[in-house]
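# sequence isn't available, so here's the structure alone:
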């Protein structure tokens with residue numbers, strides 16, 4: 001059993017667009033009687049997920065208990081940013097019963113897991129479990145498959161390495177967007193994920209982040225004591241570099257109509273291999289912001305909140321592999 005003197009922490013990992021923020025939103029709305037705190041990490045300078053989650057703040061998880069680390073990957077900023085931020089959460093006047101950590105979609109969970117052995121926090125928290133999310137549709141389509149080289153030999157790609165590390169570190173794997181995948185693709189995704197994990201790990205299909213809180217919080221894995229059983233492509237390396245991936249921010253004026261932009265994003269994801277786009281769009285005559293999120297060519301949008309005193313402007317963050325991120329072409333395609 002978990003040491004009751006320690007606050008349990010759940011690490012939520014998974015590639016870009018797998019549904020991590022949607023899952024945590026569901027947990028904030030259904031805390032199971034627990035007082036929660038959240039630490040969310042973004043790859044790049046522009047934070048979107050943290051703002052989405054702060055919009056869910058309530059008495060069970062007040063806004064001061066939702067902290068964000070932007071402009072960096074949490075697995076690379078352990079000493080400088082992660083440990084001090086964790087200490088801020090632990091110093092809250094009303095201490096949380098459970099802490100949720102949403103990693104960047106490009107983060108490796110193992111270096112973060114190792115950080116829980118640091119003296120500053122080891123005696124105060126325990127990793128209740130590492131939950132990895134995998135987009136069932138994209139997994140079944142082979143997005144994270146190794147490349148075939150000459151002679152039929154396989155070699156890992158930057159995407160397959162990150163995906164493999166995230167799955168191998170998990171205590172529970174959630175196959176997200178099950179409704180979009182369907183039974184056949186779910187079965188294929190399950191088979192692919194099983195090959196990426198070194199030990200039996202339970203897998204559950206999930207739609208729109210909906211899952212019983214009791215399933216997710218209370219795994220009691222004490223994962224920080226089991227690091228050796230979670231192999232990584234980066235074991236033995238001094239640092240984890242993200243040189244294979246890059247991000248840009250695209251600023252646009254207020255738009256008369258969102259439809260052309262949404263269509264352009266769909267084309268962009270399909271033709272220029274963009275991994276992720278997210279941000280807010282200002283539509284003329286509309287008092288609310290349009291939240292836009294894209295995973296490859298799959299684009300979703302919804303009005304989320306009034307602009308209030310914020311400047312009405314369209315701002316999107318675009319993430320791709322570095323060799324696919326042509327800033328000039330992307331801005332031209334989006335009208336920037």
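Received it, and whenever you're ready, just let me know what you need. Quick caveat: nothing in here was measured; it's all calculated off a predicted structure.

# any stretches of the stretch 201-336 of the chain with poor pLDDT?
The model of the stretch 201-336 of the chain has pLDDT under 70 over residues 235-242, 336.

# in it, which spans are strands?
Shown for the stretch 201-336 of the chain, the strands assigned by DSSP state E, counting those that start in this stretch span residues 203-205, 245-252, 276-281, 288-295, 298-306, 314-321.

# format these as a markdown table; extra columns: mean neighbour count and distance to residue 15.
Yep, even glycine has a C-beta here, placed from its N, CA and C like the rest. Shown next, in a markdown table, are the strands of the stretch 201-336 of the chain (neighbours: other Cβ atoms under 10 Å; distance: least, Cβ to Cβ, whole Å):
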| stretch | mean neighbour count | distance to residue 15 |
| --- | --- | --- |
| strand 203-205 | 18 | 16 |
| strand 245-252 | 17 | 11 |
| strand 276-281 | 22 | 9 |
| strand 288-295 | 21 | 9 |
| strand 298-306 | 14 | 14 |
| strand 314-321 | 21 | 11 |
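
# of these, which is nearest residue 328?
With Cβ to Cβ as the criterion, residue 328 lies closest to strand 245-252 of the strands of the stretch 201-336 of the chain, at 10.1 Å.

# now the closest one, how far from the centre of its chain.
Centroid separation for strand 245-252 versus its chain: 18 Å, with Cα atoms, centre = their mean, to the nearest Å.

# among the strands of the stretch 201-336 of the chain, which is nearest residue 102?
Of all the strands of the stretch 201-336 of the chain, strand 276-281 comes closest under Cβ to Cβ, at 13.6 Å.

# now do the end-to-end distance for stretch 321-335.
Terminal residues of stretch 321-335 are spaced 22 Å apart (Cα to Cα, to the nearest Å).

# list of residues touching it?
158-159, 243-248, 250, 252, 260-261, 264-265, 267-268, 272-275, 316, 318-319, 336 (Cβ atoms under 8 Å, 6 or more residues apart in numbering).

# go with 6 Å
244-246, 248, 250, 264, 268, 273, 318 (Cβ atoms under 6 Å, 6 or more residues apart in numbering).

# now distance to residue 233 too, for those, in CSV please.
As requested, the contacts of stretch 321-335 are arranged in CSV below (distance: Cβ to Cβ, whole Å):
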residue, distance to residue 233
244, 12
245, 15
246, 20
248, 26
250, 31
264, 35
268, 29
273, 22
318, 26
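
# would you map out the domains in this structure?
7-229, 245-334 (automatic domain parsing).

# can I get the strands of the stretch 201-336 of the chain in TSV with distance to residue 218?
Listed next are these as TSV, based on distance: least, Cβ to Cβ, whole Å:
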stretch	distance to residue 218
strand 203-205	15
strand 245-252	34
strand 276-281	31
strand 288-295	30
strand 298-306	31
strand 314-321	33
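
# which residue ranges of the stretch 101-250 of the chain form helices?
Assigned by DSSP state H, counting those that start in this stretch, the helices in the stretch 101-250 of the chain fall at 109-115, 119-122, 136-140, 158-168, 178-196, 213-216.

# next, the buried residues of the last one.
Buried residues in helix 213-216, counting neighbours by 16 or more other Cβ atoms under 10 Å, are found at 213, 216.
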